[in-house]
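>>> Structural data only, the sequence is not supplied:
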């Protein structure tokens, strides 16, 4: 019974990755917008992600792939996705990206599962997915995961994704939020320039991107980042965007 509940919980958390992008006003110090297009930030308990403590679960990606082909029950397949995210190896990242691209029913959940990979050893594999030709949900969640699994070597790549107008909005947003998690001061000049360049764009997509940029600048905590935030505060902003800017300027 417990195992069934744990499996259902893992599946529910994975399903959150299909939710649309929404931003709400920050309600406390350090709060930000709801995570744009990815699963909830907190990973499920290890027991739920692995299918139960002590359970006999597929481990290596080859085993996961074999189990996927043998068991077509949705709940079991969701458990396999959660297991792959918990493993967090480069090979499991590749399997999740492959499943996101090929599986019509659960591909979106496979892409969303990438967001919970936090193993630094998987950072190069996540970076490859983020810049690759995989579905947007996989690329965006791989970029998001770099906020936990990545480090200084991934900062230039994330900055390039943020600045590239040809990239999907979700990829750019998640890259900016990953920079915020990494407190990536070296990326602050690029982010500040982009905030200035997009300031006059009234579209909802541009506002969503700017809110992510504001959070990246708040985390950078450099003089240049603060100056960019102060400039932005002087502009005519919507109430939600202004709330994030005010919060960023109040950060210490």
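Nice, I can see it. In this text, all values refer to a predicted model and were calculated from it rather than measured experimentally.

>>> measure residue 245 to residue 218 for me?
Taking CB to CB, to the nearest Å as the measure, residue 245 and residue 218 are separated by 9 Å. In short, each C-beta sits where N, CA and C put it, glycine included.

>>> Any chance you could list residues touching both of the two?
Residues touching both residue 245 and residue 218 (CB atoms under 8 Å, 6 or more residues apart in numbering): residue 229.

>>> In terms of helices and strands, where is residue 155?
Following DSSP states H and E, the helix or strand that holds residue 155 is helix 155-163.

>>> can you give me the helices for this structure?
2-15, 46-50, 61-70, 74-87, 90-102, 107-113, 123-130, 136-149, 155-163, 169-182, 188-198, 204-220, 223-233, 239-250 (DSSP state H).

>>> Worst mean pLDDT among those?
Among the helices of the chain, helix 46-50 carries the lowest mean pLDDT, at a mean of 37.

>>> Pull the number of nearby residues for the residue lying closest to residue 65 once chain neighbours are set aside.
The shortest distance from residue 65 to any non-neighbouring residue, by CB to CB, 6 or more residues apart in numbering, is to residue 95 (6.3 Å). By the criterion of other CB atoms under 10 Å, residue 95 has 22 neighbours.

>>> buried stuff in stretch 84-101?
84-90, 92-100 (16 or more other CB atoms under 10 Å).

>>> mind listing what residue 131 touches?
Residues in contact with residue 131 (CB under 8 Å, 6+ apart) are 139, 157, 161.

>>> Who wins on neighbours among these?
Going by other CB under 10 Å, residue 139 tops these with 27 neighbours.

>>> need the contact list for that one.
129, 130, 131, 132, 168, 170, 171.

>>> switch the cut-off to 10 Å
Neighbouring residues of residue 139 by CB atoms under 10 Å, 6 or more residues apart in numbering: 97, 100, 111, 114, 126, 129-133, 161, 167-168, 170-171, 174-175.

>>> repeat for residue 202
When contacts are counted by CB under 10 Å, 6+ apart, residue 202 touches 236, 238.

>>> can you offset everything so residue one is 38?
Got it, the first residue is 38 from now on, which makes the last one we talked about residue 239.

>>> sorry, back to before: can you say which of the contacts of residue 176 are buried?
134, 137, 148, 151, 163, 166-168, 198, 204-205, 207-208, 211-212.

>>> Determine the number of other residues adjacent to residue 178.
Quick note: residue 178 (other CB under 10 Å) scores 35 neighbours.

>>> hmm, I was thinking of residue 281
26.

>>> From residue 215, how far off is it?
Using CB to CB, residue 281 is found at 17 Å from residue 215.

>>> hang on, the earlier thing: and the contacts of the helix holding residue 192?
160, 163-165, 167-168, 176-177, 180, 183-184, 187, 204-205, 208-216, 219-228, 230-231, 234, 246, 249-250, 253.

>>> Please pick the buried ones from these.
160, 163-165, 167-168, 176-177, 180, 183-184, 187, 204-205, 208-216, 219, 221-222, 224-225, 227-228, 231, 246, 249-250, 253.

>>> In this model residue 235 seems to touch residue 229, though I could be wrong.
No. Contact criterion CB atoms under 10 Å: residue 229 and residue 235 do not qualify, at 11.3 Å.
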